[in-house]
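Chemist: Any chance you could fold what I've pasted below:
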Amino acid sequence: MTPHDLLIPTWRNMLRALSGMTDKAATHEKGDALLAEKLADDMLPLSTQYRFVTNLPGEGLARLAGLDFTSRDDDPATFAEAKERISEALAMLDRVRPDDFLGAEEKFDMTLPIGMTFHLSAQDYARDWALPNFYFHTSTAYAIMRMNGVGLGKADLVPHMGAYVKAAG
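Modeler: Just a heads-up that it's a prediction; the model follows:
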């Protein structure tokens, strides 16, 4: 499986799931104030989870497919803005083709804002960095919403699994 084959469908599925969860959160009694909620005092709020989830695919595509992308450093202030960022991230996924990607074993350097640098292959980056971080922030967003009474269940996190349901009988 190539990094493209792994990342693009995964990012697309989870961004669509987050979009659906956002629709439910937008009707919550707290309204946009829900974006300030956290799981724990030392964690970042829901608004920042949206920023990270919508930045991570672009950061990955910049590293792996040469896409011109600049991460946003501001959090969405409303659920409508969060939905727009999700839509933008989904549209960005449509701009890359499999042959834009580095080969799975091609190595590159990834430097974090704190100055730490990793030397890893495209495959290692996809498996060990891009997906774990993306799932962490998507799941954290889900957990913050759920903890605050948004009517979410596991099916809201993985609605794409409905395509694989086998009929009884």
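
Chemist: Chain neighbours aside, what residue packs nearest to the residue nearest to the spatial centre of the chain?
Modeler: By Cα atoms, centre = their mean, the chain has its centre lying nearest to Val53, at 3.2 Å. Nearest residue to Val53, sequence neighbours excluded (Cβ to Cβ, 6 or more residues apart in numbering): His137, at 4.8 Å. Quick note: C-beta positions are derived from backbone N, CA and C, even for glycine.

Chemist: dump the residue contacts of that neighbour.
Modeler: By Cβ atoms under 8 Å, 6 or more residues apart in numbering, His137 lies in contact with Gln49, Phe52, Val53, Leu56.

Chemist: cutoff 6 Å now
Modeler: Counting by Cβ atoms under 6 Å, 6 or more residues apart in numbering, His137 makes contact with Gln49, Phe52, Val53.

Chemist: So which residues of this protein form helices?
Modeler: Secondary structure of the chain (DSSP state H): helices located at 3-26, 46-65, 79-93, 122-125, 131-147, 154-157.

Chemist: Could I get the buried residue list for the first one?
Modeler: So that's helix 3-26. For helix 3-26, the neighbour count (16 or more other Cβ atoms under 10 Å) marks 3-4, 6-8, 10-12, 14-15, 17-18, 21-22, 25-26 as buried.

Chemist: Among those residues, which one lies nearest to Leu90?
Modeler: Using Cβ to Cβ, Leu15 comes nearest to Leu90 of the buried residues of helix 3-26, at 5.3 Å.

Chemist: Distance check, the closest one against Leu157.
Modeler: Leu15 is 12 Å from Leu157, where distance means Cβ to Cβ, to the nearest Å.

Chemist: cool, and Val96?
Modeler: Val96 is 25 Å from Leu157, where distance means Cβ to Cβ.

Chemist: Ok, Ile114 next?
Modeler: Going from Ile114 to Leu157 by Cβ to Cβ gives 29 Å.

Chemist: picking that back up, which of the buried residues of helix 3-26 sits closest to Ala130?
Modeler: The nearest one, if we look at the buried residues of helix 3-26 relative to Ala130 and count by Cβ to Cβ, is Leu7, at 6.1 Å.

Chemist: Can you give me every residue that contacts that closest one?
Modeler: The contact partners of Leu7, taken as Cβ under 6 Å, 6+ apart, are Ala126.

Chemist: close enough to count as contact, the residue nearest to the centre of the chain and Ser139?
Modeler: No - assessed by Cβ atoms under 6 Å, Val53 is found out of contact with Ser139, at 9.9 Å.

Chemist: Thanks a lot, catch you later.
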